[in-house]
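1. what shape does this take:
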Amino acid sequence: RSMGRWPIAISMYMALFSTNTLLGVTGWVNRPNGTVWIGLQTIGIVLAVPLVVTLYPALYYRLRITSAYEYLNKRFNHAVRNAATAFFLGSRLMWMSTILYSASLVLSMMLGWTAANGMLNGQLWAIFTIGVLATSFALIGGMRAVIWTDVMQFFVVLSGLITMIVMGLRLSGGFGEVVRIGSETHRFTPPAFFSVTDDLSLVSGLLLGFIGMLSMAGADQVLLQQYLTARSEREAKASLWRNGFLLKPVSLIYPVLGLIMFAFYRTHPDVARLMRIPDDALPVFVVNVLPSGGRGLMTIAMTAAVLTAVQSGLTAVSAAVQVNLIKPRIARELSDRESVLLARILLLLTGISVISAACWVRSMGQQNSIIQILNIVMYPFTGVLLGIFLLALLSHRANGSGVLIGGILGFLATIAVPAGHVLWPESETFRYLGRVSNFYYGFLGAVLTVVAGFLASLAFPPPSPEKIHGLTRRSLPESPERQLMASKVG
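-> Below you'll find the predicted structure:
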């Protein structure tokens, strides 16, 4: 815990940044009914920042813990800790798998590994190549090195984005022409304020970012391991403010970039025909439009972002398995050498799992955008994990048995929304549920877990006040600064 505010803030931005975000948002604008309002998810993230700052740094710094699952073990029991670890593993494995899939769109296009060039399985080879590189990169540990690498990559990515925007505007006829094309094709038309079934509405877009940020900042070790390197609670909060209000709005560039690409493709249909799917908008632009220098810059930026994101994910997942699922079951304490060996074995196994899952995710790409794939395969885990964490932090009545039941019911109910109409196509209810926008899956997982977990807790004895004292938001210890002031006054 020795890093400064700005390096941590930038590292947090890069921890959430990935080809999922960049290709997903630009691809969404290039869909037949695409819109720049996909940027609502970024606004939702910003809106969640005050709540994140209020809830989380105080918890981890005052209790002197570095893991969400260590906290859940103190607050409830091993069973809840293990369940939360499992939901985290599901969430991050699906996140990394989707990153490999989205990155394979870029790499296969860049290297010519496409069906047009006679390579039918080019994307699979791209997934394998990126997965092996990311797994190898993950073996070079150290959070300090990761954070300073993130800082450098942030500026490389930003330079690449500016290059594409300038080039795209020039080739599309200028800013006025881009706006005209966007207006004529309804790219600026706002979605409905609220809709259960529309792909995107104002409410669903905001909720997607809000729930995602609230979950990842509090219960996801990938982001936690970034801001817990701060010197103090105050420094961690300052890093979160900087990340949320000064850096995260940079992501609003992505829908603008998507619009510029859309305008370019409208005026260059010969290049547009090279897109296999809308999510190919950015890879086609990079490979076929940018000059060699810009192409190299953007390729390096995206490759670096992929490797960093997957490296952070692999490290967090292997550490979670080792600390929460393996070490508690070993009678003796592992030596440093044994711990390192175990960590490397887990990294390799996790890497293989991610590569395998990415091949499955690829099969969803023809029918769903990258953003929709993430909503389907990742956000049910993310929402349930947030629900468990909120019950632990905000409720004095929640107990281990009730929360465990709530988490299981919340997850099953959430995945029943998309899966029910496939398993029971004759059911009118499940056919309707199948039409619910996947932008709501994270929200549904969180709400259903909180409601079911709290109600189930009423069927069991309440936790004793002594057991939960200091472990809920209302009973946390005073901050060191306030303790010092109190001692001086006294």
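
2. check contacts around L16.
-> Under the criterion of Cβ atoms under 8 Å, 6 or more residues apart in numbering, the neighbours of L16 are 45, 216, 223. (Each C-beta comes from the backbone N, C-alpha and C, glycine too.)

3. er, R362 I mean
-> So R362 contacts 101, 104, 123-124, 127 (Cβ under 8 Å, 6+ apart).

4. farthest-apart pair in those, please.
-> The span of the contacts of R362, defined through Cβ to Cβ, is set by Y101 and L124 at 10.2 Å.

5. so which of those two has more stuff around it?
-> Set Y101 next to L124 and count neighbours by other Cβ atoms under 10 Å: Y101 wins out with 28 against 17.

6. surely that one meets S363?
-> No. Assessed by Cβ atoms under 8 Å, Y101 is found out of contact with S363, at 9.5 Å.

7. for the stretch 351-490 of the chain, which segments count as helices?
-> Under the criterion DSSP state H, counting those that start in this stretch, the stretch 351-490 of the chain contains helices at 370-377, 379-394, 400-423, 428-433, 441-457, 465-468, 480-489.

8. need the winner for burial among those.
-> Ranked by mean neighbour count under mean count of other Cβ atoms under 10 Å, those are led by helix 379-394, which reaches a mean of 27.

9. next one: it to chain centre, how far?
-> 15 Å (Cα atoms, centre = their mean, to the nearest Å).

10. what of stretch 451-469?
-> Centre-to-centre, stretch 451-469 and its host chain are 30 Å apart (Cα atoms, centre = their mean).

11. endpoints of that stretch, how far apart?
-> Chord length of stretch 451-469, first to last residue, is 23 Å (Cα to Cα, to the nearest Å).

12. do stretch 62-81 as well
-> In stretch 62-81, first residue to last residue: 20 Å (Cα to Cα).

13. residue ranges with poor pLDDT in this protein?
-> By pLDDT under 70, the low-scoring segments of the chain are 1-3, 141-149, 480-490.

14. contact partners for the closest residue to T267 other than its chain neighbours?
-> Once flanking residues are discounted, T267 sits nearest to S172: 6.1 Å by Cβ to Cβ, 6 or more residues apart in numbering. S172 makes contact with 178, 181, 260, 263-264, 267 under the criterion Cβ under 8 Å, 6+ apart.

15. what's the most distant pair in the residues you listed?
-> Distance extremes for the contacts of S172: the farthest pair is I260 and T267 at 11.2 Å, using Cβ to Cβ.

16. next one: the longest helix along the chain to chain centre, how far?
-> For the chain, the longest helix by residue count, based on DSSP state H, is helix 78-111. How far helix 78-111 lies from its chain's middle: 9 Å, per Cα atoms, centre = their mean.

17. what residues sit buried inside stretch 74-93?
-> Using 16 or more other Cβ atoms under 10 Å as the test for burial, stretch 74-93 gives 74-76, 80-93.

18. just put the helices of the stretch 351-490 of the chain in a markdown table and tack on distance to L200.
-> Below are these laid out as a markdown table (distance: least, Cβ to Cβ, whole Å):
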| stretch | distance to L200 |
| --- | --- |
| helix 370-377 | 9 |
| helix 379-394 | 14 |
| helix 400-423 | 17 |
| helix 428-433 | 18 |
| helix 441-457 | 14 |
| helix 465-468 | 40 |
| helix 480-489 | 43 |
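
19. of those, which approaches P249 most closely?
-> helix 370-377 (18.7 Å).

20. not counting its own residues, what contacts the closest one?
-> For helix 370-377, the surrounding residues in contact (Cβ under 8 Å, 6+ apart) are 20, 23-25, 27-28, 38, 94-95, 97-98, 101-102, 199, 208, 279, 361, 364-365, 368, 418, 438-439, 441-442.

21. give me the angle between that helix and helix 400-423.
-> 120 degrees (axes from the mean of the first three to the mean of the last three Cα atoms, to 10 degrees).

22. pretty sure M216 sits against T382.
-> Yes. Applying Cβ under 8 Å, one finds M216 in contact with T382, separated by 7.2 Å.

23. I'd like to know which of the contacts of L16 are part of helices.
-> Among the contacts of L16, DSSP H puts 45, 216, 223 in helices.

24. from those residues, pick the one nearest N33.
-> N33 lies nearest to I45 out of these, by Cβ to Cβ, at 23.7 Å.

25. any idea how far that closest one is from G383?
-> For I45, the distance to G383 (Cβ to Cβ, to the nearest Å) stands at 15 Å.

26. which stretches of the stretch 151-300 of the chain form strands?
-> Ranges of strands within the stretch 151-300 of the chain: none, based on DSSP state E, counting those that start in this stretch.

27. tell me where it has helices.
-> Secondary structure of the stretch 151-300 of the chain by DSSP H, counting those that start in this stretch: the helices cover 175-184, 202-219, 221-227, 233-241, 253-267, 269-272, 281-288, 292-320.

28. closest to Q153 out of these?
-> Q153 lies closest, by Cβ to Cβ, to one member of the helices of the stretch 151-300 of the chain: helix 292-320, at 4.6 Å.

29. next, the buried residues of the closest one.
-> Quick answer for helix 292-320 (16+ other Cβ under 10 Å): 294-295, 297-299, 301-320.

30. OK, contacts around I300?
-> In this structure, I300 makes contact with 156, 160, judged by Cβ under 8 Å, 6+ apart.

31. give me the more crowded residue out of I260 and T267.
-> Taking other Cβ under 10 Å, I260 and T267 do not tie; I260 has more neighbours (26 against 14).

32. roughly how far apart are that one and I165?
-> Per Cβ to Cβ, I260 is found 6 Å from I165.

33. please apply the same query to A316.
-> A316 sits 32 Å away from I165, going by Cβ to Cβ.

34. quick one: contacts for the closest residue to G173 other than its chain neighbours?
-> Leaving aside its sequence neighbours, G173 sits nearest to T267 (Cβ to Cβ, 6+ apart; 6.6 Å). Contact analysis of T267 by Cβ under 8 Å, 6+ apart lists 172-173, 177, 181.

35. any idea how far T267 is from F430?
-> Distance of T267 to F430, given as Cβ to Cβ: 44 Å.

36. swap in E235?
-> Distance, E235 to F430, by Cβ to Cβ: 49 Å.

37. and stretch 166-182, how far apart are its ends?
-> Stretch 166-182 has an end-to-end distance of 17 Å (Cα to Cα).

38. flag every buried residue along it.
-> For stretch 166-182, the neighbour count (16+ other Cβ under 10 Å) marks 167-169, 171-172, 178, 181-182 as buried.

39. can you put those in JSON lines and add distance to Y13?
-> Below are the buried residues of stretch 166-182 laid out as JSON lines (distance: Cβ to Cβ, whole Å):
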{"residue": "M167", "distance to Y13": "24"}
{"residue": "G168", "distance to Y13": "23"}
{"residue": "L169", "distance to Y13": "25"}
{"residue": "L171", "distance to Y13": "29"}
{"residue": "S172", "distance to Y13": "28"}
{"residue": "V178", "distance to Y13": "26"}
{"residue": "I181", "distance to Y13": "30"}
{"residue": "G182", "distance to Y13": "27"}
